[in-house]
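# Fold the following, please.
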Amino acid sequence: MMALKCIIVDDEEGARFSIRVLLENFTDQVQVVGEAEGIPEAVKLLKKCKPRLVFLDLEMINSSGFDIFRSAEKHDFEVIVTSSYPDLALDAFKYGVADYLVKPLTSPMLARAIGRVKQILAPYDTAQMVALQTTDGTRVLPSQKIFRLESDRNYTWVYGDFGEKILSSKHLGHFESQLDSCGFVRIHHSHLVSIYQIVRLDKTEFVVELKNGDILPISRDRKKNLVEKLRWLTGEE
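From the prediction side, this is the model:
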């Protein structure tokens with residue numbers, strides 16, 4: 001599992017600093033991509049950075065930490081509460097938080113909490129099974145074995161780590177919607193690729209190079225989306 005992108009939400013600058021310093025001991029597991037002193041700012045970070053994990057204080061001057069569950073458009077993140085008030089734990093767990101830590105925090109406390117989050121997320125990080133309808137029947141493959149897909153009119157050629165390419169009777173749009181959550185991006189009207197297979201992006205020539213050496217064209221109107229996906233993958237601003 002890659003390092004989890006996370007944000008820290010606390011109205012006290014000193015508290016945010018303390019958590020950030022402690023998290024430096026876990027750089028192989030978590031990556032701090034933003035901080036917020038209240039829920040409105042945190043919601044903006046959720047949209048911009050798409051973190052998998054939020055370190056959340058509950059009692060803040062201008063907002064309640066619980067508001068994040070009501071304000072966020074998507075609840076596709078886990079929460080570790082970092083609070084000075086142990087009596088709020090029961091309410092917090094009703095919202096499905098991964099863990100509840102009472103300040104002052106320590107490295108062992110964070111290690112256990114991060115470990116719990118990784119266990120929660122593990123099933124979601126496994127490959128999605130993809131059904132490929134062919135003239136000979138249906139073949140089922142894990143998405144991580146697929147490198148790229150190429151449109152051939154109403155059919156799709158599928159390339160990957162499984163031997164010879166496979167011709168599916170489904171059109172490319174069918175796979176685009178199915179594989180979006182698995183890290184695939186449409187770079188051209190004829191090409192859908194896994195961002196995990198991209199090793200080079202040439203913005204001048206409008207091409208990408210994959211790990212297997214394939215070089216594919218990028219449509220000018222799809223370049224921005226591709227760049228954003230790659231930035232998300234690497235955690236860049």
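
# hey, let's count contacts and neighbours off CA atoms from now on
Noted.

# Low-confidence bits of this protein, can you list those?
1, 122-127, 232-237 (pLDDT under 70).

# Mind doing that once more with 80?
Residue ranges of the chain with pLDDT under 80: 1-2, 74, 119-127, 181-182, 230-237.

# now the helices for it?
13-23, 39-49, 67-71, 89-94, 107-121, 172-179, 223-234 (DSSP state H).

# would a markdown table of these with mean neighbour count be doable?
Converted to a markdown table, the helices of the chain look like this (neighbours: other Cα atoms under 10 Å):
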| stretch | mean neighbour count |
| --- | --- |
| helix 13-23 | 15 |
| helix 39-49 | 18 |
| helix 67-71 | 15 |
| helix 89-94 | 13 |
| helix 107-121 | 15 |
| helix 172-179 | 16 |
| helix 223-234 | 15 |
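
# I'd like the ones you listed as JSON lines, with distance to V208 appended.
Below are those laid out as JSON lines (distance: least, Cα to Cα, whole Å):
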{"stretch": "helix 13-23", "distance to V208": "35"}
{"stretch": "helix 39-49", "distance to V208": "24"}
{"stretch": "helix 67-71", "distance to V208": "38"}
{"stretch": "helix 89-94", "distance to V208": "45"}
{"stretch": "helix 107-121", "distance to V208": "30"}
{"stretch": "helix 172-179", "distance to V208": "18"}
{"stretch": "helix 223-234", "distance to V208": "10"}
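
# now E209, nearest residue through space, not along the chain?
I215 (4.5 Å; Cα to Cα, 6 or more residues apart in numbering).

# Could you report the neighbour count for the one you found?
14 (other Cα atoms under 10 Å).

# Then D202?
Around D202 there are 11 residues (other Cα under 10 Å).

# Look up the closest residue to it, ignoring the ones flanking it.
With Cα to Cα, 6+ apart, the residue lying closest to D202 is V208, at 6.1 Å.

# And M2, by the same measure?
In space, M2 is closest to Q29, 7.0 Å off (Cα to Cα, 6+ apart).

# coming back round to it: enumerate every residue touching the residue nearest to D202.
By Cα atoms under 8 Å, 6 or more residues apart in numbering, V208 lies in contact with 198-202, 215-218.

# hey, what's it bridged with?
Note on V208: beta-bridge partners L201, L216, judged by DSSP bridges.

# how close does it get to D161?
Using Cα to Cα, to the nearest Å, V208 is found at 19 Å from D161.

# and D136, how many residues sit next to it?
Other residues lying near D136 total 7 when counted by other Cα under 10 Å.

# Quick check: buried residues in stretch 69-78?
In terms of neighbour count (16 or more other Cα atoms under 10 Å), stretch 69-78 has its buried residues at 72, 77-78.

# Distance to L22 added to these, as CSV?
Compiled in CSV, these are given as follows (distance: Cα to Cα, whole Å):
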residue, distance to L22
A72, 27
F77, 21
E78, 19
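
# So which of those residues belong to strands?
E78 (DSSP state E).

# domains in the protein, as residue ranges please.
As assigned by automatic domain parsing, the chain contains the domains 4-124, 129-234.

# before we move on, the earlier item: ok, now which ones touch the residue nearest to M2?
The contact partners of Q29, by Cα under 8 Å, 6+ apart, come to 2-4, 114.

# Would you mind giving me the ChimeraX syntax to select the buried ones in these?
Buried residues within these, by 16+ other Cα under 10 Å, are selected in ChimeraX with:
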select :3,4,114
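
# re earlier: L88: which of the buried residues of stretch 69-78 is nearest?
Nearest to L88 among the buried residues of stretch 69-78: E78, at 17.6 Å, using Cα to Cα.

# what residues are up against the closest one?
52-54, 97-98, 117.
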